[in-house]
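In: show me how the following folds:
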Amino acid sequence: MVFWEGYVSDETMGTFAPIVVYWVYAGVYQLLPPLDRYRLHTRKEEEQKNLVSLSSVIKGVLLQQLAQATIAQLLFLVTSDSSPTGTIAQLPVLIQLLQIIVAMFVMDTWQYFVHRYMHQNKFLYRHIHSQHHRLVVPYAIGALYNHPLEGLLLDTFGGVISFLVSGMTARTAVFFFCFAVMKTVDDHCGLWLPGNIFHLFFQNNTAYHDIHHQLQGSKYNYSQPFFSIWDRILGTHMPYSLVTRKEGGLEARPLKE
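Out: Presented below is the predicted three-dimensional model:
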């Protein structure tokens, strides 16, 4: 039993809970004090290097989430017709955890190859993926700032495929997609906070993805949002070291393999 049972359907929660989680979690990061000693880039760098305003980023994210919500509703409508009522509550926790792990690997695989191709294809990079890289210095609210077509291909279709391949129910999807959203936001937050649980369990983290957003790492660290497996297997892994800057804060410095 979950807290929303009897109030809204699992399909409704699966559609809108990830959106709410995105803005709450990213908003917390946005409202934090400067925390300069934990920043991977100075505030001056963020102001000078980023090529898009915060208001444009917010509009872009809302547009992507509108598309995601529309497709999620269609997906749940189609799949719920083939699922017997009551199956959701009967799934053992271990099976749901296995489905989530499968979904994580499926999503990582889809996003790695689509993301990498968008860098390798000059047309796609120039006209589509470069929009995300206007945030040279990433921040939490910009995690889903993409060209609408990229948002559809990379994130939305990646989520659909993960959901279908794993065989999860709408209820399990609520937890999986909320978790995926939090991980994605965290990867773009630009802060290396002590005790961050994502940094403890995932090598693909804030600093790892920050390397990719920098010029010297743009052809490396394509993996997102969970593991770095495909980067390591296919030779696109860029290790890094965290060093303290003289002016304060931290820097993820690429290391040659």
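
In: end to end on stretch 127-138, go ahead and measure it.
Out: From the first residue to the last, stretch 127-138 extends over 20 Å; the measure is CA to CA, to the nearest Å.

In: buried stuff in stretch 200-218?
Out: The neighbour-count check on stretch 200-218 (16 or more other CB atoms under 10 Å) flags 202-214, 217 as buried. Every C-beta, even on glycine, is put in place using the N, C-alpha and C of the backbone.

In: wait, I meant stretch 61-74
Out: Burial within stretch 61-74, assessed by neighbour count using 16+ other CB under 10 Å, is assigned to 61, 63-65, 68, 71-72.

In: could you dump those to a markdown table with pLDDT, distance to residue 177 and secondary structure?
Out: Converted to a markdown table, these look like this (pLDDT from 0 to 100; distance: CB to CB, whole Å; DSSP: H, G, I helix; E, B strand; the rest coil):
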| residue | pLDDT | distance to residue 177 | secondary structure |
| --- | --- | --- | --- |
| 61 | 98 | 15 | helix |
| 63 | 97 | 18 | helix |
| 64 | 97 | 14 | helix |
| 65 | 98 | 12 | helix |
| 68 | 97 | 9 | helix |
| 71 | 97 | 12 | helix |
| 72 | 97 | 8 | helix |
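
In: out of those residues, who's nearest residue 138?
Out: residue 61 (12.9 Å; CB to CB).

In: ok, the nearest residue in space to that closest one that is not next to it in sequence - how many residues close by?
Out: Nearest residue to residue 61, sequence neighbours excluded (CB to CB, 6 or more residues apart in numbering): residue 144, at 4.8 Å. Burial of residue 144, expressed as a neighbour count using other CB atoms under 10 Å, amounts to 24.

In: from residue 72, how far out is residue 80?
Out: The spacing between residue 80 and residue 72, counted by CB to CB, to the nearest Å, is 12 Å.

In: coming back round to it: wait, what's in contact with the residue nearest to residue 61?
Out: For residue 144, the contacting residues are 22, 60-61, 64-65, 151, 155, 184, by CB atoms under 8 Å, 6 or more residues apart in numbering.

In: quick check: the farthest pair among the buried residues of stretch 200-218?
Out: Greatest spatial distance among the buried residues of stretch 200-218 (CB to CB): 202 and 214, at 19.6 Å.

In: where do the strands of the stretch 1-150 of the chain begin and end?
Out: Counting by DSSP state E, counting those that start in this stretch, the stretch 1-150 of the chain yields no residue ranges for strands.
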